[in-house]
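>>> following is a predicted model, sequence given first.
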Amino acid sequence: MPGAEEAAGPASFHKELYHRLADREPDEGTRREAADFLRAKLLDVASEPGDLPDAPEGLVAWMEQNTRDVHARYAAYLQERKAGAPRRYFFNRAHALYVLRSVAPTKLVDGAWLYGLLPHWQSPRLGDLVRTYVEELGEGAVDKNHVVLYRNLLARYALDPLDDLDDALYEQGLIQLALAWNAEAFLPEVVGFNLGYEQLPLHLLITSYELNELGLDPYYFTLHVTVDNGDTGHARRACQAVLDMLPRLDDGGAFWQRVRAGAKLSCAGLGTTDVIASFDGEREALRILARKATAGHGAHSEYCRVAGRSINDWLGTPQDMPGFVAALEQAGWIRFGEPAENSRFWSLLQGPRAEMFGVFSTYELQVLHDWMRGPASADGRPFTETAPAGDKPKRRATFRALARNGAGLAAPADDALDPDLMLLREQMRTADDEQRTALLVRAMSPAQHWTPAGLEATRVFWGALAG
Ligand SMILES: [Fe+2]
């Protein structure tokens, strides 16, 4: 049965294999497991229709049509918003942050599907895709490397740790990593995956627009709007790469069929719009409280009591957070549907003399804040901003406006004191040409390219190739 081993596997199947492929260079056995996973996945998607044209000749027209459709739908969206429609994706600020956190496993391996082509950079038919990979890596610039940008986004909005994300959120990233480490066996699928993944999706445009509107940094997303453009960007190059790669000898269309299968993989797993739809503010708030309960159990005095039970007692049963919340509401500590400041519980978490100041991250506070406020949180107010006087909601500054006023972050220096960087420099000094290339290729893997050593390797590699 297709995918049966996954279905029968542990609840953390994707996450576990993902980390073995993403955190370090995987061994032979792990690469084989990843290849088996890809084969099962390809069987899973085999019956899906896919949206590529029947013949490769129609590819460029297909790409252009997709771009036109997306632009038309985006124009309709903008029109709708201008006429007063609410945000389509993010109900409140917590919702947007939840989505940024949930899609992290995919974004943190951005570009990985092309890595396996890098050792073959001398092949004339692979030049364009190698270039696309190096561009995903920002050509080694710390403020352009897509993975570094996403890591900074997670840090900036306190979206770490990610250890309790659902296993299903790792599936798409796992596909990308599995392709990275098995490119030789899956060349047509890699090329097809790239074709599917690099087309401009509508959700990228709307996400960028609504993040900016909420005062959240949209740069990672706007960057992809520009690099995926259908004129000279990754979308067109992805079409060209397929056309360049098709065998000149008659293979009965086998290569093209595998390209089509690979393109289907680019939509497998949970996508951005699935994650957007999965948000439930109450469930996320309860998850956060249950997580803190484990850490905070025993840290409270026995005098603190709610509904006749000590706080320590309540926190001793993290699975009973709904009961605890109901008791807090009953006792008047939480007042749903009112400004968070009206809740005694909130004043314990946030404010100048909050007893639990620093216990919750800024992301967690935003989730709790928006959950308590309920429908009013649609105004997108950050929890750090006090409620405006009167009933007139304050007009929110967009991220771009905030950045213009100097609220943007400076790019961190990448020449850090770093053991891998020192080791790479040392090894490069004593290596011959062939060894140097191998060292650079290794340092540019999904596990390392975003580190100071990886960024330096990318700059050296690209400098040598472009120069
Ligand atoms: Fe990217």
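Great, that's in hand.
>>> from now on I want contacts and neighbour counts done on CA atoms only, so please keep to that.
OK.
>>> low pLDDT regions in the stretch 251-400 of the chain?
296-299, 301-303, 387-395 (pLDDT under 70).
>>> need the strands for it, in chain order.
305-306, 309-310 (DSSP state E, counting those that start in this stretch).
>>> among those, which is nearest residue 11?
Proximity of those to residue 11 was assessed by Cα to Cα; the nearest stretch is strand 309-310, lying at 34.3 Å.
>>> JSON lines please, covering the strands of the stretch 251-400 of the chain and showing distance to residue 196 and mean neighbour count.
Below are those laid out as JSON lines (distance: least, Cα to Cα, whole Å; neighbours: other Cα atoms under 10 Å):
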{"stretch": "strand 305-306", "distance to residue 196": "54", "mean neighbour count": "16"}
{"stretch": "strand 309-310", "distance to residue 196": "55", "mean neighbour count": "15"}
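>>> would you reformat those as a markdown table and include distance to residue 201?
As requested, the strands of the stretch 251-400 of the chain are exported to a markdown table (distance: least, Cα to Cα, whole Å):
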| stretch | distance to residue 201 |
| --- | --- |
| strand 305-306 | 49 |
| strand 309-310 | 51 |
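>>> out of those, which gets nearest to residue 425?
When the strands of the stretch 251-400 of the chain are compared for distance to residue 425 using Cα to Cα, the nearest one is strand 309-310, at 58.0 Å.
>>> still on that earlier bit, so which of the strands of the stretch 251-400 of the chain is nearest residue 363?
Distances from residue 363 to each of the strands of the stretch 251-400 of the chain were compared using Cα to Cα; the minimum, 26.0 Å, belongs to strand 305-306.
>>> contact partners of the closest one?
Residues lying outside strand 305-306 but in contact with it, judged by Cα atoms under 8 Å, 6 or more residues apart in numbering, are 311, 327-328, 331.
>>> swap in 6 Å and give it another go.
residue 311 (Cα atoms under 6 Å, 6 or more residues apart in numbering).
>>> check stretch 93-113 too.
With contact meaning Cα under 6 Å, 6+ apart, stretch 93-113 is reached by 90, 136, 147, 159, 170, 173, 176-177, 179-180, 366-367, 380, 446.
>>> one step back: residue 281: which of the strands of the stretch 251-400 of the chain is closest?
Nearest to residue 281 among these is strand 305-306; the distance by Cα to Cα comes to 23.6 Å.
>>> one step back: let me know the closest of the contacts of stretch 93-113 to residue 42.
The shortest gap between residue 42 and any of those belongs to residue 179, at 11.9 Å (Cα to Cα).
>>> and for the closest one, the neighbour number?
By other Cα atoms under 10 Å, 28 other residues sit near residue 179.
>>> quick one on the thing from earlier: ok, which of the strands of the stretch 251-400 of the chain comes nearest residue 70?
Of those, the one closest to residue 70 (Cα to Cα) turns out to be strand 305-306, at 53.0 Å.
>>> ok now the closest one, how far from the chain's centre?
Counting by Cα atoms, centre = their mean, to the nearest Å, strand 305-306 is centred 40 Å from the centre of its parent chain.
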